[in-house]
Each structure stands twice: as C-alpha cells, then as structure tokens.
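Visitor: need a 3D model of the sequence below.
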Amino acid sequence: MILDLLIAIFFLFVGIEITATLTHPKQVLLPAIAALGGMVIPASIFLILNPGSQAWATAMPTDLALALGVFALLGKSANPAVRIFLLTLAVADDLFSLIVLAILYGDQLDMAHSASTLGAAALGASLAIIPKFPVKQVVAILSPLCTFFVIPVYVIAKLSQGISMDSITSETAISLTIARVIGKILGITLFAWLAITLNIVRLPSALKLSEIAGVGALAGMGLTVALVISEVAVESKEIQGDVKTGLIISALISGMVGYIWLKKPLAL
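Guide: Numbers count the residues shown, from 1 in each chain. So this is what the prediction gives:
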C-alpha cells in the first residue's frame, strides 16, 4: 500500500513534467525522436538476444532522476544545452513508456497498479493544463521529493526482493545489460542523426552529436518505470529478479560511461 502511494506520487510528477515540458513542438521534436530510437533499438536488441521474453519492454524506459543525478556530477563543465536535451528526452521517454504500458499491458493492470501509474500520470497531465495551476511551484516540491525520497525508497524496496547471485549470469540480465548500455547509445544517436540528416529538425548550435551520444549513455540508466513494467509484464518471480539484476548492472555501467563521455565529448 505504501509503495503504491509512492509510485502514485512519482507518476503524478511524471504527468505534470510531461505536459509542462512538451509544450513547444519545435524544441522537443529532436529529443522526442531520439527517445523513440532509444526505446526501439534496445527492445529490438533484447528480443534478438532473448527471443520471446516477456521482459523486452523493460529495456526501454529511462530514469530521469538517475540520469540528471549523474549529469549534475559534471559540475560547471556541463553544457546547459545537454541538460535540457536530457530532460526533454527523459520526459518523452516516460510518455512513450506510459503509452506502451497502457496499450500492451492495460488489461493486466489491477486497480492498484492502474491508479498508481496510468491514473496518477493522467491526473498530473490534466492538472498541468488547468489555467493558473502552479506548475512550477508543484514541480519544485515534487522534484526533490521524488529524487531524494520516493524513488530511492521504492527502488530499494523492489530491488531487495528476488535477486540472487545466479541472476548475474542469467540470459535475461545479460541481454538487458547489453540492450540498455549499447542499445540506448545506438538508438538515440542514430535516430537523432537521421532526423538531422533528413532535415526533419536542425541540430541546436549549442549541442554536438557526440553530446547526444553521451546522453544516450546516461539514458541506459533505468529503474523506476522499468520495475513497474516488469511487475506487470513478467509473471515469473525468478525472471523479475533477473530483470532487477540487469537493470542494476546496466545503470552502473551506463552512469560511468555517460559521465566519462560527457566530461570530454568528442568534437562531432
């Protein structure tokens, strides 16, 4: 019950962030296209490595709090344009992940899950479009609450269940790690490059393609939404444990790669 309340607060925040961030189509088009690539390619890689697995959708989500947390470690050397791109991409990713959750797994959600995920996100999105709703003030309260309390408590509670040493070498964990660490970089960079090359959108002058690839590395960090999807999509408790292990490993690797990459990006 407590975890359902925490995840409801998180998705309420996600709903508000989605509506508040995706208000300027021209500004969000490139990160949104990149986010789509960062979902399609990892999911495809996972299914190639682990055909028929129910856990394929856990390869897609990006964890906004984790990614921004690692980005903050870059300090003054960080490019502000990269942070905006990362924020917008992660919000678009959350939106697409919610759509996948609703379309593919809507009939598997019980009332508690529905209220704490899709319902809370829909409520947040609805509130954000109401005139005079204090979006900035609410975000200023919910952002640190989710980052420093809701997400850590929820993730720790979920990750403390069902993980074993055997999970490290499981097919699911290995496939998920490869799909997220490599697939996120490939998918986000490739789709962004295609969008720019095909003149669908312009690359902002303050942003380099190599920095987009660095964002792709950070996007390999995904726990909160991926854990929700795992609970709904995967029936086996053993496979759920393997998913958790894969998410932890990929988050650690992606965080380190993203930090190193963005610390000294290539001039592309």
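Visitor: alpha carbons only for contacts and neighbour counts from here, please
Guide: Will do.
Visitor: for the most centrally placed residue in the chain, grab phi and psi.
Guide: If you average the C-alpha coordinates of the chain and look for the closest C-alpha using C-alpha atoms, centre = their mean, you land on Thr62, 1.3 Å from that point. When read as degrees, to the nearest 10, the backbone of Thr62 gives phi -110, psi 140.
Visitor: nearest spatial neighbour of it, chain-adjacent residues omitted?
Guide: Once its chain neighbours are removed from consideration, Thr62 has its nearest residue in Gly222; the separation is 4.5 Å (C-alpha to C-alpha, 6 or more residues apart in numbering).
Visitor: SS state for the one you found?
Guide: Each residue gets one of three states, and Gly222 gets coil by DSSP: H, G, I helix; E, B strand; the rest coil.
Visitor: that one: neighbour count?
Guide: For Gly222, the tally of surrounding residues (other C-alpha atoms under 10 Å) stands at 25.
Visitor: picking up where we left off before, report pLDDT for the residue nearest to the centre of the chain.
Guide: For Thr62, the pLDDT comes out at 91.
Visitor: cool, and Gln108?
Guide: 69.
Visitor: next, the buried residues of stretch 49-60.
Guide: Applying a neighbour-count criterion of 16 or more other C-alpha atoms under 10 Å, the buried positions in stretch 49-60 are Leu49, Asn50, Gln54, Ala55, Trp56, Ala57, Thr58, Ala59, Met60.
Visitor: please read the previous query as pertaining to stretch 235-254.
Guide: Within stretch 235-254, the residues that count as buried by 16+ other C-alpha under 10 Å are 239-251, 253-254.
Visitor: measure the closest residue to Leu159 other than its chain neighbours to Leu64 for me?
Guide: For Leu159, ignoring the flanking residues on the chain, the nearest one in space by C-alpha to C-alpha, 6+ apart is Lys244 at 6.2 Å. Taking C-alpha to C-alpha, to the nearest Å as the measure, Lys244 falls 18 Å from Leu64.
Visitor: low-confidence ranges, the stretch 1-150 of the chain, go.
Guide: Per-residue confidence for the stretch 1-150 of the chain (pLDDT under 70) gives these ranges: 1, 22-26, 108-115.
Visitor: same thing but 50
Guide: Using pLDDT under 50 as the threshold, the predicted model of the stretch 1-150 of the chain has no low-confidence range.
Visitor: so where do the helices sit in it?
Guide: Assigned helices in the stretch 1-150 of the chain, in chain order: 2-21, 25-49, 64-72, 80-105, 111-114, 120-128, 135-145 (criterion: DSSP state H, counting those that start in this stretch).
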